[in-house]
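In: Next come a sequence and a model predicted from it.
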Amino acid sequence: MSKLKQSSYYLYGAAALVVVGLVVFAANNAVGDDAPSPYAEFAQCLTTSGVTMYGAWWCPHCENQKKLFGNAFDSINYIECSTAARTMNQTCKDAGIQGYPTWEFADGSRASGEQTLGTLADKSGCVLPDSRYE
């Protein structure tokens, strides 16, 4: 076999390994994203209890809050305050939002900045599924 053919086989073999590796990596990440959050009932309770989070798509603190819940954040009553130009929309101006994230509770009180799940539980009366929160 010529060296050119042998090199081609090595190149195709390496490319196939890379493709298989990427498929496995993507499959593992997709499984993790679909895994049920232990906070699904807690998030639903927050919404049922009248808790709302105001945030902005570009806000790193808002992103941190969302990550605490995992995919259960989809159950949170969330109001997007920012436009594509990163300015505050009228809904949030009318609500008197001054920073992100802002959590508003049923009694009208607010908590600004990143909140622990424990703080949200205390303020809302919702029960966390375990005691491993900060």
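Out: Cool, the structure landed.
In: shaky segments in the chain?
Out: Applying pLDDT under 70 to the chain flags the ranges 1-34, 131-134.
In: Show me the domain layout of it.
Out: Taking automatic domain parsing as the reference, the chain has its domains at 1-35, 40-124.
In: Redo these as TSV? Include distance to residue 130 and mean neighbour count.
Out: (Glycine included, C-beta is placed from N, CA and C.) Shown next, in TSV, are the domains of the chain (distance: least, C-beta to C-beta, whole Å; neighbours: other C-beta atoms under 10 Å):
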stretch	distance to residue 130	mean neighbour count
domain 1-35	16	9
domain 40-124	10	16
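In: how close does residue 107 sit to residue 58?
Out: The spacing between residue 107 and residue 58, counted by C-beta to C-beta, to the nearest Å, is 30 Å.
In: Check residue 123 too.
Out: Look at residue 123 and residue 58: by C-beta to C-beta, they are 26 Å apart.
In: Now do the helices in this protein.
Out: Taking DSSP state H as the test, the helices found in the chain are 3-34, 40-48, 60-69, 90-94, 117-124.
In: Now residue 76: phi and psi?
Out: phi -70, psi 140 (degrees, to the nearest 10).
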